[in-house]
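Undergrad: can't give you the sequence, but here's the structure:
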């Protein structure tokens, strides 16, 4: 009997002083939870913890699936998932509560959640830039301080008024000021998580809200730390308070002035390789626990130590990226939801009376409106932010999340608030988040910011106007090809070229996206990117060679690939670009085989094609190791081919090719692929008229050649391309072609829809060529496809028939295959 009693876990709950005592068996009897020996899995410490985590995660996921169509944040589903098992729902039944979440399991579950939130805040701190917290910019500093201070003052004052004139319970009266003051919190982790879910992290509104929240966080963390120091000190001993404050200052100074620079020096040699060994990561994780321990020693909460250490660790590659890669998924999928679930479990709606609910609701609504006004007034009056955007920023800064949960749990743990007030605070977090998230989605759609009402293409621009190119570069290996295309674009006095380069850097190991000019006040803006320096130097040399005819700008976009298209579209519409050139998502090795494939870049390209305010070109670069001919220094001519099947995209390719042929080192061959028997079609006549316009403009230019090839089906098209296009260095073609028997059956094998049928065929590893391929899509007005069944508008040309059209080209290079030239005069001049 004694042995049996020693193995039984017995819960003893005592009402005296509202304390709960649990007698827990600490022996690790793994077999006792085995069903094959008639054990109960829910009696084991570990099996019960695993069941609790998995059941809460499953219910939260189910709730999230149900609420996602309503535009709700994941925070709402995670808190509700905990509330389902808490005293508000299933846990209200004593038998269910004692079975699923007994008192004896709370210590283990709370310990797990606390350990998880420590690493979650450490990861959050690693991604934050402490410089931006201290110097966020004048706009963000004023808006952030206004949101915090004004809300704090008015909310506390309003709470004092309510305490004076309204009758309320003693517990609420003691807690009302705390609840009111908590409404001023605007935490960076909360705002960053919300913006990432809404996918507006790198918009103007997102950046302003993020910077403002970081400054608010700086004020809030400082105030909380000082208040904790005051609380932990001896009231009768003023020297005790001084020691507490000095120890806090010494703790922060040590991390930022000694430990932080030391870590930078340790990992600077790995900056180029972007690799950190496992011993270093283990050392950092040990530092997290040491910092948390020291934080408790000096009278602060342990989460302050992990957060301060995270801020001291250098963000971005290599160290910040290595930490994020190991902790991001674990923190977001397990630690963060577990803490939200713990808060939901403690919530008991049955302890709330209507009067208290009404009073707290009034405080929450008043504070919400005050913060909204505190954000909108300085944003609109001082900085000219549009009223709608200022309202959205105010909604974002009103968001509640994990930091509020931590604060409320700390207050409950220290008996500063009771169960009723804790439950009211938790409900306020859920309600406010549930209201503002769909409102933000409805009021702010970043995709509409890049919609152009005017066509921005090469084909529709005047030929004597400046050509504006936006080139996106992901790695420096494609830089020679990009510079070759820029040289071939022919900057001249009659038609200058404006080039804007964007270096695309994935946001890893930091939370704040950046879109920064490479040159700032005459000095290179350092982004720890070797590619950025190479691109800027190459552009400077290009501008020097074409002095007076070419201008350059360079930006670096550090963002998630899911939202990086917003930066590209923003720069494109600001510079009124005619075309954006983005890299293909596949890279080739020296032997001609595909070396790597990046699906995030492929999704980025699809988003750019869908939302760009101008034409888009996808550059398929097979490398510079074989068959590379430089437009600038090579003695050979640079052979460019335009494949013309028909449609607006092919028109854009033809317009760009005719721009290139003005360069004395470029030979352009326009290959017009015709369907056998389609001589009388309206589309064919429109295409022929357009081509004749460009031929007439290039009369007398021996480097312009026109080829017609009549084909019957897709087999003939494939054979012709394989035989002919290996003689060219650059191939231009349109992405989309209207339905044609020439393409019938070829689309079934397409792997890359962003390239179209023919482009996918040219980018296939089976197509053996060293040619660069540029697949172009003409600008879609409003992001929609043009109606290809309508005739295209052709610019006016001089009447009359040209005396002579160029049909031949001087041969240079390795162009060994013969061309089939067939000109049908009746078709050309009908």
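TA: That came through fine. None of the values given here were measured: they were computed from a predicted structure. Residues are numbered from 1 along each chain as shown.

Undergrad: drop to CA atoms for contacts and neighbour counts, all remaining ones
TA: OK.

Undergrad: Check which residues of the helix or strand hosting residue 718 are buried.
TA: Counting by DSSP states H and E, the element that carries residue 718 is helix 714-724. In terms of neighbour count (16 or more other C-alpha atoms under 10 Å), helix 714-724 has its buried residues at 714, 717, 718.

Undergrad: Let me know the closest of those residues to residue 92.
TA: Closest approach to residue 92 among these (C-alpha to C-alpha): residue 714, at 69.7 Å.

Undergrad: Run through the residues that contact the closest one.
TA: 741, 742, 743, 744, 745, 746 (C-alpha atoms under 8 Å, 6 or more residues apart in numbering).

Undergrad: Show the buried residues in those.
TA: 742, 743, 746.

Undergrad: Just confirm the last one contacts residue 756, I think it does.
TA: No: proximity of residue 746 to residue 756 does not meet the contact threshold set by C-alpha atoms under 8 Å, at 10.2 Å.

Undergrad: Next one: the residue nearest to residue 656 when sequence neighbours are not counted relative to residue 464, how far apart?
TA: Leaving aside its chain neighbours, residue 656 sits nearest to residue 458 (6.5 Å; criterion: C-alpha to C-alpha, 6 or more residues apart in numbering). Using C-alpha to C-alpha, to the nearest Å, one gets 11 Å for the distance from residue 458 to residue 464.

Undergrad: Who has more neighbours out of those two?
TA: In this comparison of residue 458 against residue 464, neighbours counted by other C-alpha atoms under 10 Å, the higher total goes to residue 458 at 26 against 11.

Undergrad: Quick check: that one touching residue 579?
TA: Yes: at 7.2 Å, residue 458 and residue 579 qualify as touching, with contact defined as C-alpha under 8 Å.

Undergrad: Next SSE downstream of the helix or strand harbouring residue 571?
TA: Residue 571 is part of helix 564-574, with elements assigned from DSSP H and E. Once the chain leaves helix 564-574, the next helix or strand it forms, by DSSP H and E, is strand 579-583.

Undergrad: what angle do that next one and helix 564-574 make?
TA: 150 degrees (axes from the mean of the first three to the mean of the last three C-alpha atoms, to 10 degrees).

Undergrad: who does strand 579-583 pair up with?
TA: strand 467-473 (parallel), strand 615-620 (parallel) (DSSP bridges).

Undergrad: any residues touching the last one, and which ones?
TA: Spelled out, it's strand 615-620. 456-458, 578-584, 586, 605, 608-609, 755, 763, 772-780.

Undergrad: what about the helices in the stretch 51-200 of the chain?
TA: Per DSSP state H, counting those that start in this stretch, the stretch 51-200 of the chain carries helices over the ranges 74-85, 94-100, 103-127, 130-134, 138-165, 170-182, 188-198.

Undergrad: Could you tell me the least trusted of the ones you listed?
TA: Lowest mean pLDDT within the helices of the stretch 51-200 of the chain: helix 130-134, at a mean of 77.

Undergrad: mind listing what's buried in that helix?
TA: For helix 130-134, by 16+ other C-alpha under 10 Å, it's 130, 132, 133.

Undergrad: for stretch 108-128, same thing?
TA: Buried residues in stretch 108-128 (16+ other C-alpha under 10 Å): 109, 112-128.

Undergrad: now stretch 315-331
TA: Going by 16+ other C-alpha under 10 Å, stretch 315-331 has these buried residues: 315-324, 327-328, 331.

Undergrad: how about those residues in TSV, adding distance to residue 468, secondary structure and pLDDT?
TA: TSV is the format used below for those (distance: C-alpha to C-alpha, whole Å; DSSP: H, G, I helix; E, B strand; the rest coil; pLDDT from 0 to 100):
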residue	distance to residue 468	secondary structure	pLDDT
315	35	coil	76
316	32	coil	71
317	33	coil	73
318	35	coil	72
319	38	helix	78
320	37	helix	77
321	35	helix	77
322	38	helix	80
323	40	helix	82
324	38	helix	79
327	42	helix	82
328	40	helix	76
331	44	helix	76
